[in-house]
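J.: Output the structure for:
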Amino acid sequence: MTDIKIIDSIMGSGKTSWAIQYMNEAPTAEKFIYITPFLTEVARVKASVTDRNFIEPNNANAHKRKMSSLKDLIVQGADIVSTHSLFQTADDELVELLTESGYTLILDEVMDVIEPVNVNASDIRKLETSGDIEVNGNKVIWKGDPRDDSRYRDIRVLAQAGNLFYHRGKFLVWSFPPKVFRAFDKAFVLTYLFDGQLQRYYYDMFHFKYSYNAVRSDGERYELTEYDPQAENRGEVFKLIDLYDGKLNDVGKRSNALSSTYLRNADIDVLRQIKNNLYNYFQNIAGVKKDQMYWSTLKELERPLTPKGYRSRSIPVNARATNEYREVEAIAYVFNRYPNPHERAFFEDNGVKVNVEALAVSDLLQWVWRSRIREGQPIKLYLPSSRMRGLLQDWANYEIKGASV
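T.: Residues are numbered from 1 along each chain as shown. Predicted structure coming up:
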């Protein structure tokens, strides 16, 4: 069994710094694969781990594929740093190499471990009727031409890898192969509020065992400590947030207001009101220049909701792990976060309860921490969803505790 430690520690507590210290001080025989969401963090690890030569996979090989490079580096026993996007394409050959190599995995931030597959129910039934797929339990097994190159090629590849599930007779779900995690001797997951994240439900569904720690620093060294949410001083952190409380919040009064479904079905008057609210907030209430703000909403509505003069300042609602906005003073989150219903159904039908509130506030906090609050400086926040404001306040009052330990 892989020894999995969740380093569940509030943003800015030094999780990455601890990992760098750990790798610098580890025995030479211990080999690492460090996986991070952003190329900037790849560069940071390569520059900061001075006692090791971390190598990033590249396309300079006969197959012109980074995955081939990753496999070659594992055979060489190299210390490796790469991004989530490459790691998510893991296949059986990679698993075999990892199993024999004794690597330690450090995963900086959780990954997208499941995703609904874009295929309609009639196509699924057609593949079943033709005998190309067989559903065993809820797992999809490819029975057709093993080299099928039709429009169903993606389904074939996922099914052959054992990562495809047919759910409720309606939709397909891709799951990251759990045997990849089992191929490591040790794994560390650096994150915050793991209890609300899909990777936690994925671990529970596939019966992984994991333990919780946090990080603390005396100003010089970092060490792992026992997980204790009370040590986070959430009340002091919350004092740094000037949370807007005025008439611009009227657009988000209903509990489901500003959810994905609500925004997609909103009429032109509602969308115009949101757009005007954003302009009013940044221009007249926060009183900031363009380079001192960012905002987020449902991606497909970014363009119609962008206030005049503030183009190019929208970021994804699930933005994490970037320092690009660390000097920003005023932010607006025009979204009411709920789990994808297919993802939630997939886990709950497999006996794993999804903590909807922890998931929402976890994503919100990661998003807020792109701003200058990560430097301990106050920020201004427009959060028009009444539900999301309530969840943020519940978090500050420890009513959303974090890890279920």
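
J.: and Lys308, that one's in a strand?
T.: No. Assigned with DSSP: H, G, I helix; E, B strand; the rest coil, Lys308 falls outside any strand and is coil.

J.: isn't it right up against Leu278?
T.: No. If you go by C-beta atoms under 8 Å, Lys308 and Leu278 don't touch, sitting 9.8 Å apart. For glycine as for every other residue, the C-beta is placed from the backbone atoms N, C-alpha and C.

J.: In terms of packing, which of the two has more residues around it?
T.: Leu278 (24 against 10; other C-beta atoms under 10 Å).

J.: Wait, that one touches Leu305, no?
T.: Yes. When contacts are counted by C-beta under 8 Å, Leu278 is listed as touching Leu305 (6.8 Å).

J.: List the residues that contact Phe165.
T.: By C-beta atoms under 8 Å, 6 or more residues apart in numbering, the residues touching Phe165 are 138-140, 172-175, 346.

J.: Could you give the bridge partners of it?
T.: Lys139, Val173 (DSSP bridges).

J.: if we can go back for a sec, residues that sit against both of Leu278 and Leu305, list them.
T.: Listed contacts common to Leu278 and Leu305 are Val334; contacts here mean C-beta under 8 Å, 6+ apart.

J.: out of the contacts of Phe165, who has the most neighbours?
T.: That'd be Val140 among those, by other C-beta under 10 Å, with 28 neighbours.

J.: quick one: it from His207, how far?
T.: For Val140, the distance to His207 (C-beta to C-beta, to the nearest Å) stands at 21 Å.

J.: Repeat that for Ile274.
T.: Applying C-beta to C-beta to Ile274 and His207 gives a distance of 44 Å.

J.: So Met1 is in contact with His207, correct?
T.: No. Taking contacts as C-beta under 8 Å, Met1 lies outside contact range of His207: 9.8 Å.

J.: Between the two, which contacts overlap?
T.: Common neighbours of Met1 and His207 (C-beta under 8 Å, 6+ apart) do not exist.

J.: one step back: want to throw the contacts of Phe165 into CSV with pLDDT and distance to Ala330?
T.: Formatted as CSV, those follow (pLDDT from 0 to 100; distance: C-beta to C-beta, whole Å):
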residue, pLDDT, distance to Ala330
Asn138, 80, 46
Lys139, 85, 48
Val140, 90, 47
Leu172, 84, 41
Val173, 86, 38
Trp174, 84, 38
Ser175, 85, 39
Phe346, 87, 37
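
J.: from those, which is closest to Gly12?
T.: Ser175 (31.9 Å; C-beta to C-beta).

J.: Now the closest one. Its backbone dihedrals?
T.: phi -130, psi 130 (degrees, to the nearest 10).

J.: is it true that it touches Tyr166?
T.: No. Ser175 is beyond contact range of Tyr166, at 11.8 Å (criterion: C-beta under 8 Å).

J.: Show me which positions of stretch 381-390 end up buried.
T.: Neighbour counts using 16 or more other C-beta atoms under 10 Å place 381-389 of stretch 381-390 among the buried residues.

J.: Could you tell me how many residues sit around Lys179?
T.: Neighbour tally, Lys179, other C-beta under 10 Å: 17.

J.: For it, list the residues it contacts.
T.: Val95.

J.: Domain-wise, how is this protein divided?
T.: For the chain, automatic domain parsing gives the domain ranges 3-112+177-231, 114-175, 234-396.

J.: Comparing these, which yields the minimum mean pLDDT?
T.: Among those, domain 114-175 carries the lowest mean pLDDT, a mean of 85.

J.: From Leu248, how far out is Ile285?
T.: 8 Å.

J.: list the contacts for the residue located most distally from the centre of the chain?
T.: Ranked by distance from the centre of the chain (C-alpha atoms, centre = their mean), the top residue is Ser130, with 37.2 Å. Neighbouring residues of Ser130 by C-beta under 8 Å, 6+ apart: Gly144.

J.: Now it: phi and psi?
T.: phi -80, psi -10.

J.: ok, now Ala358?
T.: Per degrees, to the nearest 10, the backbone of Ala358 is at phi -60, psi -40.

J.: quick revisit: looking at Ile274 and His207, which one has more neighbours?
T.: More neighbours surround Ile274 than the other of Ile274 and His207, with 24 against 8 (other C-beta under 10 Å).

J.: For Leu381, what is the enclosing helix or strand?
T.: strand 379-382 (DSSP states H and E).

J.: sorry, back to before: neighbour-wise, which of Ile285 and Leu248 wins?
T.: Using other C-beta under 10 Å, the more surrounded residue of Ile285 and Leu248 is Leu248, with 19 against 16.

J.: the strands in the stretch 201-350 of the chain, which residues?
T.: For the stretch 201-350 of the chain, the strands defined by DSSP state E, counting those that start in this stretch cover 210-217, 222-226, 241-243, 293-296, 330-333.

J.: okay, the ones you listed, which one's buried deepest?
T.: Highest mean neighbour count among the strands of the stretch 201-350 of the chain (mean count of other C-beta atoms under 10 Å): strand 330-333, with a mean of 26.

J.: Keeping just the C-alphas, turn that strand into PDB.
T.: C-alpha atoms of strand 330-333 as PDB (Å, rounded to 0.1, in the frame of the first residue of the first chain):
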ATOM      1  CA  ALA A 330     -10.000  44.200  -5.300                       C
ATOM      2  CA  ILE A 331     -11.700  41.000  -6.600                       C
ATOM      3  CA  ALA A 332     -15.200  39.800  -7.600                       C
ATOM      4  CA  TYR A 333     -16.500  36.200  -7.600                       C
END
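
J.: ok, Arg200 to Asp154 distance?
T.: With C-beta to C-beta as the criterion, Arg200 and Asp154 are 27 Å apart.
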